[in-house]
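Colleague: My questions concern the predicted model and sequence given below.
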Amino acid sequence: MIISRKWLSQYMDVSDLSIEELADKITNSGSEVEGIEKMSQGTNLVIGKVLECVDHPDSDHLHVCKVDLGEKIEQIVCGAPNVAAGQKVIVARVGAKLPGGEIKAGMIRGQESNGMICSLLELGVDAHMLSEESKNGIEVLDEDAPVGNCDPLGYLGLDDEILDIGLTPNRNDCMAAWSMALEAGAVLHKEVKIPYADGAASVGTETKLHVSSETEKCPLFLGKVINHVTIKESPKWMKELLMASGMKSINNVVDISNIVMLETGQPLHFYDIHAIPAQEITVKDGIEEVYTALDGIEYQLTKDDIVITTEGKPIGIAGVMGGDDSKIEDTTTGIIIEAAVFNHVSIRNTARRLNLNTDASVRYQKGIEPMATFKAMDRAVQLLCEYADASGLEETKQYGSNNYTPVEFDVNLASINKLLGTDFGEEEVMQVLCDLHLQPVKNGEDIHVVIPSYRTDLSIEEDIAEELIRILGYDRLPSTLPELPATLGALNKRQALRRKFRGMLADLGYNEAVTYSLVGQKEIDDAVMGQEHVYELASPMSEDHKYVRNSILPSLLECIAYNQARSIKDIALYEMSNVYGVGEVEERLCVVASGALHKNRWQKYSVDVDFYTMKGLLEAIMASIGYDAKRIMFKENKTDMKNFHPYRSAEVYLGKELLGILGQIHPAVAKRYGINETVAMEINMEILLKNKPAKVKFTEISKYPSVTRDYALVVQEDVKVADIISSIKKNGKLEKENIIQNVEVFDVYMGEHVEAGYKSIALTVTFQSFNKTLKDTEINEIHEKIMASLKKDVNAELRA
């Protein structure tokens with residue numbers, strides 16, 4: 001928010017405060033002043049008149065001038081191309097201090113020079129506020145400028161000081177100068193007089209103007225016809241305030257629309273009455289065409305844009321910019337005023353898409369107070385009558401309503417003091433509430449307050465408590481030590497699981513990745529075990545960050561692609577993060593690997609990652625937290641054959657619940673991401689957290705020898721190795737001890753010497769006891785049980 005000392009001075013007396021003191025007090029109240037800027041700078045200045053101007057005898061561009069400074073005449077050498085005799089100018093006398101340095105007397109190519117004739121740029125005026133003529137030469141003053149006046153900056157209205165105030169999101173009301181003045185008055189405890197013009201727009205004869213809206217994005221629209229106005233120069237005070245706000249003066253009518261917007265926060269638009277001969281205005285959306293705005297640039301309108309139309313033709317982009325075909329010209333003799341409320345989200349989207357962040361669109365986006373539309377219409381009519389000779393006023397036409405009801409409620413001082421830990425007295429609290437224009441009235445032990453329409457951030461007692469402490473001063477808060485219960489620091493179950501996985505994966509050589517949670521449509525389509533309904537952002541930064549992700553794997557595949565494109569071939573990454581669906585949140589672990597698992601170039605030894613890399617990794621991390629192989633089951637992947645290779649992937653179950661999917665990424669997906677062969681897994685950690693793992697126990701190494709036996713079994717092709725191993729392991733009991741310690745497959749053969757439709761599977765079974773040395777008879781007894789069980793369970797025979 002930009003506001004100047006002069007503007008505040010219109011509403012209250014701030015002559016007793018320096019600009020720095022004013023900034024400190026406003027900052028201490030919670031609205032930080034981010035900068036103080038002077039509109040111009042310079043000391044020892046005077047208005048002079050050029051009596052004589054001749055060319056310098058030793059220069060092709062310098063001029064020797066005799067300048068009347070009032071009390072005396074000085075000779076000044078000037079290099080400006082537009083200097084001429086008879087002009088009234090700004091002179092910096094010897095000793096003057098300007099932004100560029102101090103002015104000293106001297107000789108310039110043999111000619112004496114006692115001062116400098118100044119341009120506004122040399123006096124520190126913002127170049128954006130100057131015409132090309134002013135930027136390229138000295139400033140030539142009006143004929144009535146008083147020679148000898150020692151305050152030329154004040155004469156030009158450039159002696160103002162500007163505050164740049166950073167507003168918090170809840171104080172959008174302070175985008176209006178009136179509201180900012182009321183805020184400053186409360187902070188400074190000063191009486192504020194706002195030039196409200198209540199009822200000024202209520203006058204007027206019967207009108208044929210018709211206003212309406214065909215979109216829910218415009219709930220309120222006011223229109224008013226003024227048949228006669230005079231286009232002329234704006235008054236000096238108006239031009240000065242606009243300049244202080246960073247706006248150029250155009251003419252009195254256009255300037256009034258800008259001044260009212262700055263005062264009330266409500267953007268207005270004035271249409272040339274001749275551009276709307278039907279005197280019909282309709283607000284619409286759904287229009288798709290190219291439209292030329294006030295800046296002369298053509299913009300493509302879309303169905304989502306709100307458009308002001310007449311007779312079906314656009315005459316303005318609602319809330320953003322008016323049209324070139326209905327703007328106020330020097331020939332304008334009558335106007336139609338528009339004051340309306342538009343949907344702030346739609347305005348934000350339109351302004352961003354068209355790259356048109358105008359003063360009007362910024363105010364609509366931040367929010368406008370409910371009654372600002374009516375205040376702005378009244379104030380505009382008042383100023384037009386006073387400074388534009390407005391006549392022929394017709395009645396104000398209104399479409400819709402703002403549905404505003406004043407907010408009022410009771411607050412309790414004792415409760416506020418308890419909340420803040422303060423001891424505020426009733427008298428000082430009532431004074432603050434009065435300064436804030438909350439109309440406080442004692443109601444027994446409570447205080448009844450009525451919230452002004454512009455304070456949309458106040459609705460509960462805690463809001464009033466905040467207002468009191470920021471106005472009375474945060475130094476009134478007592479310093480006390482917080483009472484906190486002593487607790488034993490410990491990780492909860494989720495934190496412990498994260499730490500365990502991170503430590504183990506790091507030890508195994510996997511690097512943790514942190515990827516963006518906002519993704520595009522492609523990542524949503526490629527989700528693994530993704531939720532059906534996902535969250536879509538109302539105002540995404542881009543199409544690539546439109547949704548909250550429902551799977552981690554697509555993000556890590558993009559990391560693989562990024563690294564491989566930069567010649568990093570051996571990659572092992574993991575990420576633990578939340579994924580989201582509408583109404584549900586899951587924490588997941590995703591691991592991806594590509595390239596070599598082990599590599600030794602000297603020995604020409606390399607082992608690439610494959611399905612068993614992920615399977616072994618999952619078994620290891622599950623065992624580390626207490627889920628052994630008996631509780632983890634691998635089944636044929638039928639859940640996701642889009643992202644995973646149908647024959648090199650598996651579903652992982654914990655009991656009867658699907659824990660995740662692991663395996664090789666489908667070649668078609670790998671090609672689409674531009675990556676080499678990659679294996680991955682994604683598991684749902686919520687399932688691990690809600691199940692109870694077994695305790696991880698230490699088991700000593702047996703001191704007795706082990707015995708191994710190899711089995712070559714012939715079974716049908718469709719028999720699963722897991723079923724064979726399960727059949728073997730269930731027969732390992734010997735004297736209540738399980739002596740089968742390991743079953744390992746080392747060969748699978750199909751072909752010659754094996755009947756068609758069958759396969760040969762070779763396994764090694766390791767027998768070992770923790771209590772004694774096993775005898776051959778005992779092992780043979782177990783062997784017979786194993787063979788009988790294999791025959792029964794999978795119809796296996798020993799290969800001849």
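Modeller: Sure thing, it's come through. Residues are numbered from 1 along each chain as shown.
Colleague: how much space between the residue nearest to Asp285 when sequence neighbours are not counted and Arg5?
Modeller: The shortest distance from Asp285 to any residue that is not its chain neighbour, by C-beta to C-beta, 6 or more residues apart in numbering, is 4.5 Å, and that residue is Thr215. To be clear about C-beta, it is placed using only N, CA and C from the backbone, and glycine gets the same treatment. Relative to Arg5, Thr215 is positioned 42 Å away (C-beta to C-beta, to the nearest Å).
Colleague: Quick check: the gap between the closest residue to Pro705 other than its chain neighbours and Arg709.
Modeller: Nearest residue to Pro705 in three dimensions, chain neighbours excluded: Thr773, at 6.2 Å (C-beta to C-beta, 6+ apart). Taking C-beta to C-beta as the measure, Thr773 falls 16 Å from Arg709.
Colleague: who has more neighbours, the two?
Modeller: Legend: neighbour count by other C-beta atoms under 10 Å for Thr773 and Arg709, higher for Arg709 (14 against 11).
Colleague: Could you find the closest non-adjacent residue to that one?
Modeller: The shortest distance from Arg709 to any residue that is not its chain neighbour, by C-beta to C-beta, 6+ apart, is 5.4 Å, and that residue is Val765.
Colleague: okay, now Asn252: neighbour count?
Modeller: Asn252, neighbours per other C-beta under 10 Å, totals 24.
Colleague: before we move on, back to that, how about the strand or helix carrying the residue nearest to Arg709: buried residues?
Modeller: Element membership for Val765, per DSSP states H and E: strand 758-767. In terms of neighbour count (16 or more other C-beta atoms under 10 Å), strand 758-767 has its buried residues at 759-761, 763, 765, 767.
Colleague: Mind putting those residues into TSV with distance to His344 and pLDDT?
Modeller: Shown next, in TSV, are the buried residues of strand 758-767 (distance: C-beta to C-beta, whole Å; pLDDT from 0 to 100):
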residue	distance to His344	pLDDT
Lys759	70	92
Ser760	74	93
Ile761	70	93
Leu763	71	94
Val765	73	94
Phe767	77	93
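Colleague: still on that earlier bit, now do the residue nearest to Arg709 against Asn82, distance only.
Modeller: Note on Val765: its distance to Asn82, by C-beta to C-beta, is 105 Å.
Colleague: contacting residues for the closest residue to Ser459 other than its chain neighbours?
Modeller: Distances taken as C-beta to C-beta, 6+ apart put Val407 closest to Ser459, at 5.9 Å, once the chain neighbours are dropped. Counting by C-beta atoms under 8 Å, 6 or more residues apart in numbering, Val407 makes contact with 450-451, 458-459.
Colleague: Show the buried residues in those.
Modeller: For those, a burial check counting by 16+ other C-beta under 10 Å picks out 451, 458.
Colleague: now the helices for the stretch 501-650 of the chain?
Modeller: 521-525, 553-564, 611-624 (DSSP state H, counting those that start in this stretch).
Colleague: Out of those, which is closest to Glu74?
Modeller: When the helices of the stretch 501-650 of the chain are ranked by distance to Glu74, counting by C-beta to C-beta, first place goes to helix 553-564 at 70.4 Å.
Colleague: What residues sit buried inside the closest one?
Modeller: Of the residues in helix 553-564, those buried by neighbour count under the rule 16+ other C-beta under 10 Å are 553-561, 563-564.
Colleague: gap between it and the chain center?
Modeller: Once both centres are worked out by C-alpha atoms, centre = their mean, to the nearest Å, helix 553-564 turns out to sit 26 Å from its chain's centre.
Colleague: same check, this time on stretch 208-223
Modeller: In terms of C-alpha atoms, centre = their mean, the centre of stretch 208-223 is set 31 Å apart from its chain centre.
Colleague: Any chance of the contacts of Val407 in TSV with pLDDT and distance to Ile162 as columns?
Modeller: Written out in TSV, the entries for the contacts of Val407 read as follows (pLDDT from 0 to 100; distance: C-beta to C-beta, whole Å):
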residue	pLDDT	distance to Ile162
Val450	96	33
Ile451	95	30
Leu458	93	28
Ser459	93	33
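Colleague: could I get the contacts of Val407 as JSON lines with distance to Met685 and secondary structure?
Modeller: Formatted as JSON lines, the entries for those read as follows, by distance: C-beta to C-beta, whole Å; DSSP: H, G, I helix; E, B strand; the rest coil:
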{"residue": "Val450", "distance to Met685": "53", "secondary structure": "strand"}
{"residue": "Ile451", "distance to Met685": "47", "secondary structure": "strand"}
{"residue": "Leu458", "distance to Met685": "44", "secondary structure": "coil"}
{"residue": "Ser459", "distance to Met685": "40", "secondary structure": "coil"}
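Colleague: which residues sit against the one helix or strand Val50 maps to?
Modeller: Element membership of Val50, judged by DSSP H and E, is strand 45-55. Contacts of strand 45-55 from elsewhere in the structure, counted by C-beta under 8 Å, 6+ apart, are 62-70, 73-74, 78, 83-93, 96, 117-118, 123, 141, 145-153, 155.
Colleague: sorry, back to before: Thr215 and Arg5: who's more crowded?
Modeller: With other C-beta under 10 Å as the criterion, Thr215 and Arg5 differ in neighbour count, and Arg5 comes out ahead with 21 against 17.
Colleague: mind listing what the nearest residue to Val607 once chain neighbours are set aside touches?
Modeller: In space, Val607 comes closest to His598 once its chain neighbours are excluded; the distance is 4.5 Å by C-beta to C-beta, 6+ apart. Neighbouring residues of His598 by C-beta under 8 Å, 6+ apart: 605-607.
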